[in-house]
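S.K.: With the sequence up front, the predicted model follows.
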Amino acid sequence: MKSLRVFGLILLLSLSVVFLPGPGSAGDEPTRATKEKSCSWTAGKTSLSDLSPEERQKRLGFVAPDWYQEWWDQLEKLEAPEGAKFDSVLDWRVHQGPYGTTGVTPVTNQLDCGSCWAFAGVAQLESHVKMYGEMEMDLSEQQVVSCSTYGEGCNGWYTQAAYGLFQEVGAVDEQCMPYEADHWVVCADDTCQKWAKISHYTAVSNNVNSIKTALLTGPVKSSMTAFDPFSNYVGGCWDSVDLSQGTNHAVLIVGWDDGMCDGNGAWICKNSWGENWGEDGFFYIEYGASRIGTYVFQINYIFHRPLVLLEDYGVDDAAGGNGDGRPEPGETVRLDFTLKNVWSPLGDVEVTATPDTDGIVMNDDYTYLGDMLSKDVMDNSSDHMEFYVPDDFPPRRVYFTFHVEGDSGGGVIYSADTTVEVFVGRDILLIDDDQGVDSLNNDWEGYYIDAFDSLNTVYDAWDKKADPDGTYDFSDYNVLIWFTGDHRDSIFSDTDIESLMTYLDDGGRLFLTGQDVAQVLSGSAEPLFQDFLSDYLHCGFVYENCTQRLIMGEAGDTVGDTLYIQTYGAASAQNQSSKDVLEPDSLAVSVLRYMKTWSTPTDSIAAIRYQGDYRVVFFGFGFEGMNPTGQFYSGQWLSKPHFVMERVIDWLKGVNYVYGDASGDGTVDAADVLWLVNYLFLGTSPPDPLAAGDANGDCNVDTADILYLINYLFLGTSPPKEGCAK
């Protein structure tokens, strides 16, 4: 036991309060759908309803040893000022503190461990960090259970043990010591970063005005008596009183409402029994009921260390480029940032920026900011950073890491890294045309952007409804992706068609996808629309397919080979009510076709492609309707949308690469193993395109590809696979 972290070695008394089963015990509870009123609160099915009395007992855990009451009586306590007036309601779940943040973090669950004392203390510290430190943190309850009372904490304890830990050591986060509901977990906080500390804690007198006074500075911890049927509480005002029992539970009071409980007033409390108990984990309890207000403490959170956060960043090519806000080849670009120090002061602050590729030339990668006081916001407007984009630099996402360093006092150097993403160059323009006159007002842009993000692609998105007069120059982009979304009659305007014709006449690359596109173009009375379908898309409309949801790629086709698509699924747009069956002319080829089953093809073509002076891929259905799960369905692995998108984009660009050739030298050899090692572990340039590094065909570039290449090159196993199976 780490005796310095608690008040002293105390014999842990057995819990003297039994959580007695009462009305609505296990096997007899009303469901949430058939609630019953009990006085002014509502009983129902909760996460505790099916537990035995012994299991419910373990959801408590506040224990006051023999000496505790005498110690409490001698404490100096916070009292309300004479004549104090208060608002009728204060709720830190919605009320904002001095820095514009609310004061309550998500509800947690202590599970089968009597650790409410730890949960209440951690929840209180999280609230104060959120209010005053401007960060919502998930701090570790396991640290408090293991490092304050090793081998005892699930049997119950008192919250001052948590306070002592927060004073002397500091709180660590959940990721470093995750909660295991077990007090035999070894304390490991020595290896964790300390995120929050308190300078002291203050006892609060057990009267309404004094507790309200303490609450003005943030949520407070309180003890109470929890007895059945409190386990079945799902809402309303808990007003039950049983003075025959002592306190046995610790909770966090997060506010008050004087109008609750028939005007008698209630505390708003956060429990530690999960969100499936009470009102999403919270409850209202009448002032004084069930000994609420007993052993109330307020804490004083301190900024014990600096914490510098990146508030904002941006690029400016006004002086060294065309001023459009996008770094492009041949431009000299300013890199701007804004930092905020939300905690304690930091001296001699220096910032260095490093890109993730040697292809970007840093002309000035350093800024000196000087001293940053607590809550200071500073930028580099007087000491700019600058980089140059070489003429041959390809469109890609460049990741800049800002390294902040400074003196936090006592010879301790503080440092922090933040990585940001900057699009360099122009590659793809996504034209979001899914909000037409007869649309269902759905927005499917996210399905396309998710695919771009998976492929690390540079793109711009033009929402035609939000910005109908957008000034996008199609010639700036390597590929246009135009989607029309839901079924409707009005798709293109004359200007749209003329712009697309001009773009293609100049050798453009177009991916067109949507429902009823061919149907509307072929049925239009305007020759312009019909000409676009026949002369530019090189296909005709056959009929409307409203039944077949399976789509399979044409064997051997550059784009379609091994693709398996289902235009349905819980995570898809589920909007494919009307799909076009296409008829390619003699110059176009079939890419996909509709299927009855995977083994029963039809003559109905779902997608075509054309290659001439320009390139077009045309889907007679909406890309957004693809089932994105990649699941095994009717004997085949469904192709993930990002893989289908990659196939389309690569063919449109004329990209030819060898799977496994991560280095891009045209052969698969040991250089590719080294390339992947450097990329995955040292952050150097990725394979270009990224799919070239996918040696094992699982649609991911990771350490499994390194192992696959080693086995292939040195043990003679199977060569890299073309594409992913799912």
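M.R.: Arrived safely. Residues are numbered from 1 along each chain as shown.
S.K.: list the contacts for the nearest residue to Thr703 once chain neighbours are set aside?
M.R.: Using C-beta to C-beta, 6 or more residues apart in numbering and skipping the chain neighbours, the partner closest in space to Thr703 is Leu680 (6.2 Å). Where C-beta positions appear, they are placed from N, C-alpha and C, glycine not excepted. The contact partners of Leu680, by C-beta atoms under 8 Å, 6 or more residues apart in numbering, come to Val701, Asp702, Thr703, Ile706.
S.K.: For the stretch 51-200 of the chain, which segments count as strands?
M.R.: For the stretch 51-200 of the chain, the strands defined by DSSP state E, counting those that start in this stretch cover 77-78, 89-91, 197-204.
S.K.: so how far is Gln574 from Phe400?
M.R.: 39 Å (C-beta to C-beta, to the nearest Å).
S.K.: So these two - more neighbours on which side?
M.R.: The neighbour count for Phe400 versus Gln574, taken as other C-beta atoms under 10 Å, is higher for Phe400 (22 against 14).
S.K.: any idea of the pLDDT on Asp383?
M.R.: Asp383 carries a pLDDT value of 94.
S.K.: thought it was touching Tyr368?
M.R.: Yes. Using C-beta atoms under 8 Å, Asp383 makes contact with Tyr368 at a distance of 6.4 Å.
S.K.: of all the contacts of Leu680, which comes closest to Gly553?
M.R.: Gly553 lies nearest to Val701 out of these, by C-beta to C-beta, at 22.4 Å.
S.K.: pretty sure the closest one is touching Pro687, no?
M.R.: Yes. The pair Val701 and Pro687 qualifies as a contact (C-beta under 8 Å) at a distance of 6.6 Å.
S.K.: which residues are common contacts for these two?
M.R.: With C-beta under 8 Å, 6+ apart, Val701 and Pro687 have common neighbours Leu676, Tyr679, Gly693.
S.K.: Out of these, who's the most crowded?
M.R.: Result: Gly693 is most packed of these (other C-beta under 10 Å), 28 neighbours.
S.K.: got a list of what that one touches?
M.R.: Residues in contact with Gly693 (C-beta under 8 Å, 6+ apart) are Gly660, Ala662, Asp672, Trp675, Leu676, Tyr679, Pro686, Pro687, Val701, Asp705.
S.K.: I'd like the residues you listed laid out as JSON lines, including distance to Leu638 and pLDDT.
M.R.: Converted to JSON lines, the contacts of Gly693 look like this (distance: C-beta to C-beta, whole Å; pLDDT from 0 to 100):
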{"residue": "Gly660", "distance to Leu638": "24", "pLDDT": "88"}
{"residue": "Ala662", "distance to Leu638": "26", "pLDDT": "89"}
{"residue": "Asp672", "distance to Leu638": "29", "pLDDT": "93"}
{"residue": "Trp675", "distance to Leu638": "30", "pLDDT": "93"}
{"residue": "Leu676", "distance to Leu638": "27", "pLDDT": "94"}
{"residue": "Tyr679", "distance to Leu638": "28", "pLDDT": "92"}
{"residue": "Pro686", "distance to Leu638": "26", "pLDDT": "86"}
{"residue": "Pro687", "distance to Leu638": "25", "pLDDT": "86"}
{"residue": "Val701", "distance to Leu638": "20", "pLDDT": "88"}
{"residue": "Asp705", "distance to Leu638": "22", "pLDDT": "92"}
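S.K.: what's near enough to touch Gly133?
M.R.: Applying C-beta under 8 Å, 6+ apart, we find Gly133 in contact with Ala196, Tyr301, Phe303, Leu307, Val342, Trp343.
S.K.: If we use 6 Å, what do you get?
M.R.: By C-beta atoms under 6 Å, 6 or more residues apart in numbering, the contact list for Gly133 reads Val342.
S.K.: One more: Tyr233?
M.R.: Taking C-beta under 6 Å, 6+ apart as the criterion, Tyr233 is in contact with Trp41, Gly278, Phe283.
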